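> Test case, fold it:
(one chain, ligands or ions: 1)
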Amino acid sequence: MSDISSKVEKDAQKARVFIICDWSPNANLLRNYLFKLGELGKMQTGEYFIMGFLSYANNFKWLEATDEDKRLLYLGANDLNDYNLTDTQLHTIYKNVLIFSDGPPAAAPNSTWAKVQEQVLAGKEKQFCPPFCGNRTIGKLIKPRWDRIKLLFDGIQYLAEATNDALSVGANIYESSVFYEYLISRSISSISGVTEYVDGFGAVAGSMQVYYHSAHTSYSLRQSARLGQSSILDTIWVLSDEMSIDFINGSAPGDTPVCGFYGEKCPPPADNTFVISISVGVALFIGLAIAAAFLYKRYRYERKLHSLSFIIDRNRIMLKKHTNLMSQLSLRSLVSLHDSSLIGVSQALRDSHFFIEDHNGSSSVKGSTARASSNPFGLIPFAAASSEDEKWNSVTDFGVGLYEGRTVALKRIYLSDVDLRRSLRLEIAKLQESSNSNVIGFVGMVISSPNVFLVNELAQRGSLKDILDNDEMPLDDVFRSQMTKDIVAGLVYLHSSAVGCHGRLKSTNCLIDGRWMVRLSSFGLRELRSEENTWQEEGVQESRDLLWTAPELLRWSTGLAQCDILVVQKADVYSLAIVLYELFGRLGPWGDDPSEPREIISLVKRGISTGKKAFRPDIAVIRDSPQIVQDTVVAAWTEEPLDRPSLFQIKRKLRPLSVGLKRTIMDNMVSMIEKYTDKLEKDIAERNEELEREKEKSDALLKMMLPEVVAESLKVGSNVSAETFESVTVFFSDCPGFVEMSAKSKPIESSRVPVVPSSRVPVLASSRLLVIPSFPLLVITVR
Ligand SMILES: Nc1nc2c(ncn2[C@@H]2O[C@H](COP(=O)(O)OP(=O)(O)OP(=O)(O)O)[C@@H](O)[C@H]2O)c(=O)[nH]1
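Residues are numbered from 1 along each chain as shown. Sure thing, here's the model as predicted:
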């Protein structure tokens, strides 16, 4: 048994389809072979197949057994327990076996062969009676050799037919060489009902029986078909009956495995044990590391939540007076307030839009702060506050302070105290996490009852509203496109961050930093800000603040904190539409609509009433803006929130605005300054020319009135010192009759009285030479 086991194992490594030529001496060998393959798991996969030949002479009892199970018995059912196989496995094994045998085919009912078999069996019974009359067991045990019986019948039939043929043509059947010609190359109609053939050498090709597993019987192989020669001329063997083989995998197994018997057709299987164990180890380590990192992060997060590190002690902030130049001054006035030099103008534009001063009046030069100690820009003064409390109380909505060496913005929250519950601390943690170039960073919170302030990064140039309200602040396409891009980018960031939405987007919350970049502020803290709203008194300002709010939020009475984040995101899209309208129309959030904010809000709240469109700003106000902007605005303020485009769609739609926008807003600013510079250069050159001319005139006048030396001294600002002369002549003279002469002359004529050319010419002599044009005959005398 162990021999056959190792043989089977070896064979199975070298072959897939086994053709076993003769088991005749021992049918149990087939059984062993099959079941060993089964035990190795080879037969169940459908990869192996066995075909074998069993000689009828040696195995007729098994092959002729009518009882299905007996066939199995002969195949080794006695020893079945020796094999470690289940019923199902046995069935599967039989599906992979095909047996051929040389015995006669099974007799068809009512055929001659069936009758012969019946007579043989009856004769057999007679033969054993007496002594075994009535005892059928003996008869059953003795199996007739049907192959021999068939051969006997066929042989007689064959000889008779050959003799008949020979005699019918008068051939001499006693001459063996003659008779032989009638014996070869002919067919035999076998008693078993099939046709067999004798070839040219006198050999009977005969037929072969095929035994195969039958699905509807128990463990057995049964005669399923007959393999015979197709014709007397043709030596091809064909299956004469229909038979299908129930291949386990649906088709015949290949003669070699996919990877070849030695795996030569596939890359050699690496010894994965080491790799697998390393991988598992690494995976385990990474898993543990991730879990540890996660737990540690969670622990730090919880600690952070509990640490209240965001609370800033009021005393660590130095309050500053401030004014926002953008909201108060035009560029022109900015120019005139500073010295008119070009450096002064550009400097003012570049860094002085925000003016901060200490309480005691001395200017603080920090970041973009002012240069003057006076108050040329109309500082928003603090009340003459003496105590810290008074100073903090006097800060209105927005204040400025110095904290840890940087200037920060202080945003008043209209609550007298704050309950630092977990939900609020979570909201604050989200704010602390948000960091993007288009949103204002959160620094901390001052809670000093009754004052509550958010401390944020400061945006030097105020809000978008400040800039839009300043009529003389030029805004061209580059500015608008850049600002649009920044606002959309800020919103996209917020929607994808932990904060999730903005909730109160408006132009006052779009702040402009020192690099002219728009950064969104006042987002997050929805819970805290909702409390503030109910606490705050309703007023005109509050209605004005709602001009950017989406209709569904206006109708929502329970406050922003209760809204689903998706609802607020859609409301942000509406607010964006109003901000864009404001940016491109520059007439405020509702354009030139004369209605009071309160009226506008109530009309928006009403929504779409039958037959009417939703109440919105007049789109004609922005008709000069690019079509994509107009389309975006109209789509984004649609009444139905779900019909509004997503931010990503808006971003994509507005992308052409930035195409070709090579210059940044800073470049634009510089070009604007250059334009101003050119103009001022021209103005100054003209003024200089004028000044030069005037200067020449006054010099000439001075020289006429005073001696040159004296005039020059006076021009350079030095004193005219007294001089000493040793000999001087003081000459006083008068022209007699000058008064009469003047009375008779026109003013122009009297001005043409010649002047004595030089003091060195003898006066009396020269006087005779003088001629007055209007009195040519008059002789001038001098006294
Ligand atoms: N320069 C400058 N001005 C600011 C800053 N923050 C706020 N402001 C000014 O203060 C004004 C009001 O700001 P907020 O109180 O945040 O605006 P709001 O409309 O009341 O905002 P919410 O109440 O938060 O909706 C803005 O329009 C700006 O003029 C800042 O960081 N820098």
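
> and the longest helix along the chain, what other elements does it pack with?
For the chain, the helix reaching the highest residue count under DSSP state H is reported as helix 665-705. Counting contacts by 3 or more CB pairs under 8 Å, 6 or more residues apart in numbering; DSSP states H and E, helix 665-705 packs against helix 331-337, helix 342-351, helix 477-496, helix 708-716. Every C-beta, even on glycine, is put in place using the N, C-alpha and C of the backbone.

> Give me the angle between that helix and helix 477-496.
140 degrees (axes from the mean of the first three to the mean of the last three CA atoms, to 10 degrees).

> Near the ligand, which residues of this protein are found?
The chain comes close to the ligand at residues 324, 327, 354, 397-398, 409, 411, 458-459, 462-463, 465-466, 504, 508-509, 511, 521-522, 545, as judged by CB under 6 Å from any ligand atom.

> can you give me the helices in the stretch 551-700 of the chain?
Applying DSSP state H, counting those that start in this stretch to the stretch 551-700 of the chain gives helices spanning 551-555, 565-585, 597-606, 627-636, 647-653, 655-658, 665-705.

> Check what pLDDT residue 732 gets.
Model confidence at residue 732, given as pLDDT, is 76.

> One more: residue 599?
In the prediction, the pLDDT value recorded for residue 599 is 92.

> Can you get me a residue count around it?
Neighbour count for residue 599, taken as other CB atoms under 10 Å: 13.

> Tell me the spacing between it and residue 590.
Residue 599 sits 10 Å away from residue 590, going by CB to CB, to the nearest Å.

> Enumerate every residue touching the nearest residue to residue 486 once chain neighbours are set aside.
Nearest non-adjacent residue to residue 486, counting by CB to CB, 6 or more residues apart in numbering: residue 518, 3.7 Å away. If a contact means CB atoms under 8 Å, 6 or more residues apart in numbering, then residue 518 has 438, 464, 483, 486-487, 490, 510-512 as its contacts.

> And residue 518, its phi and psi?
phi -80, psi 130 (degrees, to the nearest 10).

> For it, give the beta-bridge partners.
Beta bridges link residue 518 to residue 512, judged by DSSP bridges.

> measure it to the ligand for me?
Counting by CB to the nearest ligand atom, to the nearest Å, the gap from residue 518 to the ligand is 12 Å.

> got it, and residue 164?
123 Å.

> Where does that residue sit: helix, strand or coil?
Secondary structure for residue 164, judged by DSSP: H, G, I helix; E, B strand; the rest coil, is helix.

> can you check residue 474 too?
Following three-state DSSP, residue 474 is assigned to coil.

> quick revisit: mean neighbour count, the helices of the stretch 551-700 of the chain: which tops it?
The highest mean neighbour count among the helices of the stretch 551-700 of the chain, using mean count of other CB atoms under 10 Å, belongs to helix 565-585: a mean of 23.

> So which elements touch that helix?
With contacts taken as 3+ CB pairs under 8 Å, 6+ apart, helix 565-585 sits against helix 464-469, helix 477-496, helix 551-555, helix 627-636, helix 647-653.

> closest one to residue 36 among these?
Of all these, helix 477-496 sits nearest to residue 36, with 65.8 Å by CB to CB.

> Show me where the stretch 51-200 of the chain has its helices.
56-64, 68-74, 87-94, 112-127, 136-141, 146-168, 176-183.

> Using CSV, please lay out those helices together with mean neighbour count and mean pLDDT.
Below are the helices of the stretch 51-200 of the chain laid out as CSV (neighbours: other CB atoms under 10 Å; pLDDT from 0 to 100):
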stretch, mean neighbour count, mean pLDDT
helix 56-64, 19, 78
helix 68-74, 18, 56
helix 87-94, 17, 78
helix 112-127, 14, 86
helix 136-141, 11, 64
helix 146-168, 15, 93
helix 176-183, 13, 92
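
> could you dump the ones you listed to a markdown table with distance to residue 203?
Listed next are the helices of the stretch 51-200 of the chain as a markdown table, based on distance: least, CB to CB, whole Å:
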| stretch | distance to residue 203 |
| --- | --- |
| helix 56-64 | 17 |
| helix 68-74 | 30 |
| helix 87-94 | 33 |
| helix 112-127 | 23 |
| helix 136-141 | 35 |
| helix 146-168 | 13 |
| helix 176-183 | 11 |
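
> State which one residue of the stretch 51-200 of the chain is found closest to the ligand.
Ranked by CB to the nearest ligand atom, the top residue of the stretch 51-200 of the chain for proximity to the ligand is residue 88, at 76.0 Å.

> residues in contact with that residue?
Going by CB under 8 Å, 6+ apart, residue 88 touches no other residue.

> can you rerun that using 10 Å?
Going by CB atoms under 10 Å, 6 or more residues apart in numbering, residue 88 touches residue 44.

> give the contact list for the nearest residue to residue 436 once chain neighbours are set aside.
In this structure, residue 436 finds its nearest non-sequential neighbour in residue 493, 4.3 Å apart by CB to CB, 6+ apart. The contact partners of residue 493, by CB under 10 Å, 6+ apart, come to 434-439, 499, 520, 647.

> repeat for residue 597
540-547, 589-590.

> mind running it again at 6 Å?
The contact partners of residue 597, taken as CB atoms under 6 Å, 6 or more residues apart in numbering, are 543-544, 547.

> Of these, which is the nearest to the ligand?
residue 544 (8.8 Å).

> ok, back up a step: which one of the contacts of residue 518 is nearest the ligand?
Looking across the contacts of residue 518 and measuring by CB to the nearest ligand atom, the closest to the ligand is residue 511, at 5.0 Å.
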